[in-house]
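Enquirer: predicted structure and sequence below. I'll ask about it afterward.
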Amino acid sequence: MVTKVNRDLFYKLASDLQEERFQAAISLVKELTNLLLPDETEEWTYVVNRLIKGLASDRSSARLGFSLCLTEVINLALSMKENAPEGLQTIDDFLQLLSKTLSLDTNANEKGALKKKKGRDERGLLFGKMFGLQAVTNEPVFSSVFLTKKDGKTEITPFAFKFMNEVVDLALKKNWIKESCLFTLFQTIQKLLPYANKDTYLSILSLLDSHNLSLTSEGLAVYLTILYGDTNDNKLDTSSIEFKNPGWKNNDPLSRGNLPLLTEVLRDSSVTQPSEGYENSKKQNASNWNPRLHFVWDILLPILISGKHTTASNTQHISKKRKKNNNELPKHIEFPEFWQMVVDESFFNEKASSERKYLGFLIFIKTIKVVSQTQLNNCFSHNFMRSLINQSTDSKRLLHKMSQNALNTIIEVCQEDSSNKLVKCVNAMVFGPSGSINFDKLTKSKTISKLISIHPLDVKTLADLFDLFTSNISEKSENKQKNRYVLDTLLHIVRTHKTGLEYDAIVTPLLDPLIQWAFFAKENEPLNELAKERFSSILAELTSVIPKEPHHSWQYYALDIILKKERTGKFELVNKLDENLGKIKNDACDVIVKIIKSPQSPQLNGLESLLSMCLLQLFSGETESLSTIEELIEFYKEHKGDTESTSLVGITEILLSLLAQKKAVLRKLSLMVWEQFITNVGKEELNILLDVLKARENKQGFAHLFEGADEYEEIEDEQEGESNQSEEKDVSGEESEESEESEIDDEDDSLDTAEVNNIDKEATSALAKALNLPENIVNDKGEVDVAKLEALSDSDMDDDDDDSDEESMDDEKMMLLDDQLSEIFKRRKEALSTTSTGNQRKIEAKESRENVIAFKSRVVDLLTVYVKYVEKLQTADHSQKFVNLISFVEPMVTCVQKTLDKSLADKVSKLLKTRIFKIKSSTFKNSANPVEVLEYLKKLHEKLLTEKPGQHPQLYYTLSSSASLFFSKIYVASSTDETNAYNKLIDQYSNTTKSWMSKSKFGPNFFADFFNWLASRK
């Protein structure tokens, strides 16, 4: 028979391990249950006293374990009823025992004088008593001591009110325990609300009033719970109740007129007088600052945001006279005014302390998570935005981390509920009264960028986002910076979400206003030009995205919007079309209509996109698109819609002309259309592209590609010495970049001098004529002959005196001469300004080189599309397309040799090595012509031996070796006599080796690669 509980269990109850505390409590209760009463009353008393005293322990987890076990012991004792041990027969006895055991008063001497405990002991006793009281509120004790059944109804026991008084008395002992105790009171009231009646409410409110707790944060929480709690079915009209002490107007904290008082209470300012009998509460000062929000905010914010308090007031009776007054102010405080006065003007006031602003940020973070979309804009008030921006700017600010937390919370909230809150938040921070288009720069964050980049966004949210930005475009010229920001952001949104864009999200919300500014906004030219640029960029991003329904290109939709606006007659085009341009436009539109009515095919869709894009260029004022439009119309007429039966040379040249332009939209459109025509592309079309790769990257190459000049035009020199020098140069005529540039510089200098001399000569002759000097006064060099001018002056001195008396030139003649002289100098200045200097020609040469390199790179993109297409084909059905790839090698190797750009050389080399050279030689077995392949091989070797490697020799030699092996493999695979094929290859490499020994500089790896391959074929 157990007579004592295990004393070690008390030690385990204070363990930091939760599971160990649970097991200790279970074991202790089991051992206590086995004790016989009344024989073991003393042990019971020991256990209860030990548990109560343990609540005052300063060990970190002692109160948790001891209060948990105490709840179970109280429940066990109360279940025994009359057999319960002394001191636990009723719950009132437990309260007395708790107060006695944890009393602050102790006998200090033999005379019985009382001395109060202070400091650490006092803190332990007070918190121990609070945990002892909380033990009573836990189930199953709560239901047995706070509630009782009477006449089939559950009612609140008198002990509940005694308990509340005990908690309030404890709360008023010290300020540092006040919030914790009153939170226990608040939790108890919450549990009692479903069983409370009006008398219960009045008793609770009277208790708060008697201790001056009505105008405190805790009292506010109790008021709100009673008046607007979800579990409160018996709504109480408190407006007619009168209390002893001053309190809330109409006894409702949210009643209009309580806003200033509510502000003071939530700010923890002193608004009440001290309670009588509590000397420690003389000033009702708040306890030390705590970096967390009071629990009242968890109750207050949902009520204000949901409008539950206004709904409750609407259910009350309203007189007929008051119904007639439609302009009557609301009876209750609403969220916007609450936020403005209580939060913005209090917690984020300019003079508010950092501690108060810290709490303000916590309020914002809590509010933004629960606020509705209709109230969201109110949260981004003036003082809050100022504090947010200021604290985010500098990492050394005290509240920098809190401001970053606020920004991160905004992003998280918008990610969770993007359809309701994203657009509202962006609007408030960027375009709101306190927002700024430079928000990200001011806060040194990427908040707005992250918000508009949230994935995924539904169609409606994207449309609302486009509407938000387009509606903030201003046609006033002083808003140029804002307009640029808006248009740049629209482009950013399209780039981020282009894979999810649909017709409904783009056409009306975005393209329609964008086209209005780009093509019809005549009042603001800067906006017009900027909108055109961003429209082109947006169209470039959209080009690769095919709308699901209906099946047309974005270029067509944009053109359709322009044509509809033009037909209404309400809008005037910025670049109005004359009669001839209008006829070309109408012809192109007719072709587009015919294409739409025809059976759909990729080729026709490509024509539709090209024509629509060219017409958009025409509306933009780019007359260069006229020739392209006419060529497209002619192409359609020749083929009569059948794009599969004839040559595509015309469309290939059109695509090249579009690629030559710098616009990204034309480049992407050309690639897309090329893919649509790729199935019908033949050798003739490919040769056009391959010829581009051979062009030289200088002015001559630029003229050959873009102006139709002959790149290889030779200038005959009359002097025999120059012809002899030219023979000593490289056979290919390829000169180094430095020598070429030096010759150009010398030529430019001589041209500069000649042109300037001609201009000066013309100006001098004009001056002499204006001054009535003889024509022969100016010599052949355009200079005034000084000797003749002096002789002329001497002859004038010998004239008669009558001549000297001749009147001087009058004012009218002087003004006329002055105008003539001004015009002469003006013409000279204009002539000099139009004359290209040496530096200007250097710039032009550099631009020409860059343009040729960029053009080649785009052509390589087209060729890559073709190679990828061929790779997917079956060899037997499309053998000719594989043979076409053989012709790619020589122009591409030449391109690597001639190019000055490393990235282009790498790009070409990558295409050859990773795709073309990876094709199995067996693919060409029955299709390639061995004679042609051997000829390709000979040309490659001859070029390797006789020409310079260019700017990238190592890459060129490696690529040539790979190309040579590629030709060798194809030659063997396509030959009928394999042994003879190997012999011819060995002979070719033998001849190359002989020439290499005498004059070539490339390494032996070229031959080593070949012999390694031969070894692998044995």
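Expert: Looks like it arrived, so ask away. Residues are numbered from 1 along each chain as shown.

Enquirer: quick check: which element contains Lys149?
Expert: Assigned by DSSP states H and E, Lys149 belongs to strand 147-150.

Enquirer: actually Arg59, sorry about that
Expert: For Arg59, there is no helix or strand it lies in under DSSP H and E.

Enquirer: ok, now which ones touch it?
Expert: Ala14 (Cβ atoms under 8 Å, 6 or more residues apart in numbering). (Each C-beta comes from the backbone N, C-alpha and C, glycine too.)

Enquirer: so what's it scoring on pLDDT?
Expert: On pLDDT, Arg59 comes in at 83.

Enquirer: do the same with Asp1009
Expert: pLDDT, Asp1009: 92.

Enquirer: setting the sequence-adjacent residues aside, check what's closest to it.
Expert: Nearest non-adjacent residue to Asp1009, counting by Cβ to Cβ, 6 or more residues apart in numbering: Ser961, 4.9 Å away.

Enquirer: hmm, the one you found is touching Gly1003, no?
Expert: No - under the criterion of Cβ atoms under 8 Å, Ser961 makes no contact with Gly1003, lying 9.5 Å away.

Enquirer: ok, the two, which is more surrounded?
Expert: Ser961 (20 against 14; other Cβ atoms under 10 Å).

Enquirer: flag every buried residue along whichever helix or strand the more buried one is part of.
Expert: In the assignment (DSSP H and E), Ser961 maps to helix 953-974. Using 16 or more other Cβ atoms under 10 Å as the test for burial, helix 953-974 gives 955-974.

Enquirer: where does the stretch 201-350 of the chain have low pLDDT?
Expert: 230-240, 269-288, 309-330 (pLDDT under 70).

Enquirer: all the helices of it, residue numbers only.
Expert: 217-228, 259-266, 296-306, 308-314, 320-324, 335-338 (DSSP state H, counting those that start in this stretch).

Enquirer: out of those helices, which is closest to Val852?
Expert: Smallest distance to Val852 across the helices of the stretch 201-350 of the chain (Cβ to Cβ): 63.3 Å, for helix 335-338.

Enquirer: the closest one: what's the following helix or strand?
Expert: helix 354-370.

Enquirer: output the contacting helices and strands for that following helix.
Expert: helix 296-306, helix 376-379, helix 382-393, helix 400-416 (3 or more Cβ pairs under 8 Å, 6 or more residues apart in numbering; DSSP states H and E).

Enquirer: what about 7 Å?
Expert: helix 296-306, helix 376-379, helix 400-416 (3 or more Cβ pairs under 7 Å, 6 or more residues apart in numbering; DSSP states H and E).

Enquirer: can you redo these as TSV with mean neighbour count and distance to Phe361?
Expert: Output for the helices and strands packed on helix 354-370, formatted as TSV (neighbours: other Cβ atoms under 10 Å; distance: least, Cβ to Cβ, whole Å):
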stretch	mean neighbour count	distance to Phe361
helix 296-306	19	13
helix 376-379	19	12
helix 400-416	18	4
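
Enquirer: for Ala62, which non-adjacent residue is spatially closest?
Expert: Ala14 is the one closest to Ala62 (Cβ to Cβ, 6+ apart), at 3.9 Å.

Enquirer: and the one you found, how many neighbours?
Expert: 19.

Enquirer: so who does it touch?
Expert: Ser57, Arg59, Ser61, Ala62, Gly65 (Cβ atoms under 7 Å, 6 or more residues apart in numbering).

Enquirer: repeat the analysis, applying 8 Å as the threshold.
Expert: Counting by Cβ under 8 Å, 6+ apart, Ala14 has contacts Arg21, Gly54, Ser57, Arg59, Ser61, Ala62, Gly65, Phe66.

Enquirer: I'd assumed Phe66 was in contact with the first one.
Expert: The one in question is Arg21. No - when contacts are counted by Cβ under 8 Å, Arg21 is not listed as touching Phe66 (9.1 Å).

Enquirer: joint contacts of these two?
Expert: Among the neighbours of Arg21, those also in contact with Phe66 (Cβ under 8 Å, 6+ apart) are Leu13, Ala14.

Enquirer: the more surrounded of those two?
Expert: Taking neighbours as other Cβ under 10 Å, Arg21 and Phe66 compare with Phe66 leading, 28 against 21.

Enquirer: list the buried residues for stretch 362-379?
Expert: Leu362, Ile363, Phe364, Ile365, Thr367, Ile368, Val371, Gln375, Leu376, Asn377, Asn378, Cys379.

Enquirer: hang on, the earlier thing: distance to Ser203 for the helices and strands packed on helix 354-370 - can I get that in a markdown table?
Expert: Listed next are the helices and strands packed on helix 354-370 as a markdown table, based on distance: least, Cβ to Cβ, whole Å:
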| stretch | distance to Ser203 |
| --- | --- |
| helix 296-306 | 21 |
| helix 376-379 | 37 |
| helix 400-416 | 41 |
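
Enquirer: for Glu634, which of these is the nearest?
Expert: Here helix 400-416 is closest among those (Cβ to Cβ), at 52.8 Å.

Enquirer: can I get the next helix or strand after the closest one in CSV, CA atoms only?
Expert: Counting by DSSP H and E, the next helix or strand C-terminal to helix 400-416 is helix 418-426. Extracted in CSV, the C-alpha atoms of helix 418-426 (Å, rounded to 0.1, in the frame of the first residue of the first chain):
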residue,chain,number,x,y,z
SER,A,418,-3.0,38.6,-55.1
SER,A,419,-6.4,38.8,-56.6
ASN,A,420,-7.7,41.2,-53.9
LYS,A,421,-4.7,43.0,-52.4
LEU,A,422,-1.9,43.2,-55.0
VAL,A,423,-3.3,46.0,-57.2
LYS,A,424,-4.5,48.0,-54.1
CYS,A,425,-1.0,47.8,-52.4
VAL,A,426,0.8,48.9,-55.6
